[in-house]
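# okay, predicted coordinates and the sequence, questions at the end:
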Amino acid sequence: MKNWQNLGSLAQARNQNEEAEKNKPKFKIKRVYDLIIIGCGPSGLAASIYASRQKLDFCVITKDVGGMTNLNPYPIENYLGYHYVTGVELEQKFEEHFRSFNPPTIYDKVRKIEKTNQGFLVTTESSNFFDCKAVVIATGRINKPLNVPGELDFAGKGISFCAHCDAPLFRDKVVAVVGGGRTGLDSALQLLNIAKKVYLVEIGNKIREEEPIAKLVKTASKVEVLTSTKVLEIVGDNVVRGIKILKDKKQEIIKVDGIFISVGYGPNTEFLGNLVRMNDRREIIINENNMSSVPGIFAAGDCTSVKEKQVLVAAGEGVKALISASEFLHLGKANILKVVIPIKSKR
Ligand SMILES: Cc1cc2nc3c(=O)[nH]c(=O)nc-3n(C[C@H](O)[C@H](O)[C@H](O)COP(=O)(O)OP(=O)(O)OC[C@H]3O[C@@H](n4cnc5c(N)ncnc54)[C@H](O)[C@@H]3O)c2cc1C
């Protein structure tokens, strides 16, 4: 090997060591905890701060800190206390607050949760095992992409995955909502009072008519529904200028200023298998105290059946889940069932 290659690999090895050292937990890994919080987006962060202040015996297992707020390319205008803040700035504030408590944090992906006599066994991708009495699941969700050319190029330049978050940025503009299912109809509804015109683009031969809001959206004068229409490409220069579609075997470009991709999403709940009750989207069904169908498993934020997927909601739900989990730990299962109405499980 040539010298410069040696130097390169040495530098690489040193960087890797430094990286590993930086990521090394600053505490001794203990494998039995009262509580494990999984995920560290707004809901997991809020739960962790409350758990730290309550001095609970807990750890956080997460792939990253900040979750989806890190990915937001647009300003956030709907978080309390800020007229305007970028996702990254808000995440930095969250992370600063979180780290000030120095909560035990393990950077890993949870692979499985199993029930044990004492509570639960959490297994991670790096084959670490943790026993605990209660769990708060705050693992969020992933938006499904369209997978068409232009989608990545125009992220933050006219493409949005969240009408609740970004609709006000498209006041008096022409927009397309892609997806005529539940999510797409909801996006179109959010845009009704804001956009100048809304194209609702659906690949199937009809939109989801059985949804209660379908009629309202379909009959709104500013909405044009395009069924049997396939999106081929998102086009533009510095920003989105149009959407290339295929309809009746003909290609056409519709001029739009913004595109809301609303073809569904999937919660990060695959590691639960059939342990807890879920809805048809595989979101964890929780009661008003954030408890799942299994006593001791609590959930919060975008991975749950709570309809509103927003930073403020996720943070509040994280707090609720933590307070319920803390009651569960203090009072024990028999007593918590008196205070927390459990969900009837089919399992
Ligand atoms: C592009 C975009 C723009 C948005 N704009 C806004 C906005 O303007 N206003 C607003 O209020 N909301 C907005 N949202 C929504 C908001 O970001 C989410 O509602 C919020 O982040 C949900 O928080 P959460 O904690 O439930 O989940 P997430 O933020 O998704 O965090 C989940 C956490 O779980 C971790 N995780 C996942 N699976 C595992 C596993 N198996 N093991 C360990 N860890 C795991 C992840 O690494 C992450 O840390 C936007 C979302 C997107 C994508």
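Perfect, I can see it now. The structure presented is a predicted model; accordingly, all values stated were derived computationally and were not measured.
# count the neighbours of the closest residue to Lys247 other than its chain neighbours for me.
Counting by C-beta to C-beta, 6 or more residues apart in numbering, the nearest residue to Lys247 once its immediate chain neighbours are dropped is Thr229, at 4.5 Å. All C-beta spots, glycine's among them, are computed from the backbone N, C-alpha and C. The criterion is other C-beta atoms under 10 Å. On that basis, Thr229 has 24 neighbouring residues.
# with the one 10 residues further on instead?
Burial measure for Val239: 12 neighbouring residues, criterion other C-beta under 10 Å.
# now the phi/psi pair for it, please.
phi -130, psi 170 (degrees, to the nearest 10).
# that one touches Ala155, doesn't it?
No. Assessed by C-beta atoms under 8 Å, Val239 is found out of contact with Ala155, at 11.3 Å.
# circling back to that earlier point, what distance do you get for the residue nearest to Lys247 to the ligand?
24 Å (C-beta to the nearest ligand atom, to the nearest Å).
# please apply the same query to Ala214.
With C-beta to the nearest ligand atom as the criterion, Ala214 and the ligand are 24 Å apart.
# give me the number of residues near that residue?
The number of residues packed near Ala214 is 20, by other C-beta under 10 Å.
# next one, pLDDT for it please.
Note for Ala214: predicted pLDDT of 89.
# thinking again about what came up before, which residues does the residue nearest to Lys247 contact?
Contact analysis of Thr229 by C-beta atoms under 8 Å, 6 or more residues apart in numbering lists Val201, Glu202, Ile203, Ile245, Leu246, Lys247.
# could you do Phe170 as well?
Residues near Phe170 by C-beta under 8 Å, 6+ apart: Leu191, Ile194, Ala195, Asp257, Gly258.
# quick one: which of the residues you listed is most hemmed in?
Highest neighbour count within the contacts of Phe170, by other C-beta under 10 Å: Leu191, with 28 neighbours.
# return the residues in contact with that one.
Shown in contact with Leu191 (C-beta under 8 Å, 6+ apart): Ala163, Ala167, Phe170, Val175, Val177, Val198, Phe260.
# filter the contacts of Phe170 down to the ones in helices?
Judged by DSSP state H, the subset of the contacts of Phe170 located in helices is Leu191.
# next, count neighbours for Lys115.
12.
# that one pairs with what?
Beta bridges link Lys115 to Phe120 when assigned by DSSP bridges.
# surely it is in contact with Leu275?
Yes. Contact criterion C-beta under 8 Å: Lys115 and Leu275 qualify, at 7.0 Å.
# shared neighbours, these two?
Taking C-beta under 8 Å, 6+ apart as the contact rule, Lys115 and Leu275 both touch Val294.
# any idea how far the residue nearest to Lys247 lies from Arg99?
Thr229 sits 48 Å away from Arg99, going by C-beta to C-beta, to the nearest Å.
# which secondary structure state does Leu275 sit in?
coil (DSSP: H, G, I helix; E, B strand; the rest coil).
# show me which residues of the stretch 101-250 of the chain sit near the ligand.
Within the stretch 101-250 of the chain, the positions near the ligand by C-beta under 6 Å from any ligand atom are Lys109, Val110, Ala138, Thr139, Gly140, Asn143, Phe161, Cys162, Cys165.
# mind redoing it with 5 Å?
Residues of the stretch 101-250 of the chain found near the ligand (C-beta under 5 Å from any ligand atom) are Lys109, Val110, Ala138, Thr139, Gly140, Phe161, Cys162, Cys165.
# just the buried residues of those.
Val110, Ala138, Thr139, Gly140, Phe161, Cys162, Cys165 (16 or more other C-beta atoms under 10 Å).
# flag whichever of these scores worst on pLDDT.
pLDDT is lowest at Cys165 among those; the value there is 85.
# neighbouring contacts of the helix or strand where that one lies?
Assessed by DSSP states H and E, Cys165 sits inside helix 163-166. Applying C-beta under 8 Å, 6+ apart, the contact partners of helix 163-166 are 72, 74, 76, 78, 160, 177, 186-188, 190-191, 258, 260, 262, 308-310.
# run the chain-centre distance for it.
Relative to its parent chain, helix 163-166 has a centroid offset of 14 Å by C-alpha atoms, centre = their mean, to the nearest Å.
# renumber starting at 20 from here on
I'll keep to 20 as the first residue from here, and by that count the last item is helix 182-185.
# next up, the contacts around the residue in the stretch 120-269 of the chain that the ligand sits nearest to.
Of all residues in the stretch 120-269 of the chain, Gly159 sits closest to the ligand, at 2.1 Å by C-beta to the nearest ligand atom. Counting by C-beta under 8 Å, 6+ apart, Gly159 touches Gly58, Gly60, Ser62, Gly86, Met87, Pro286, Asn287, Gly320, Asp321, Cys322, Ala333.
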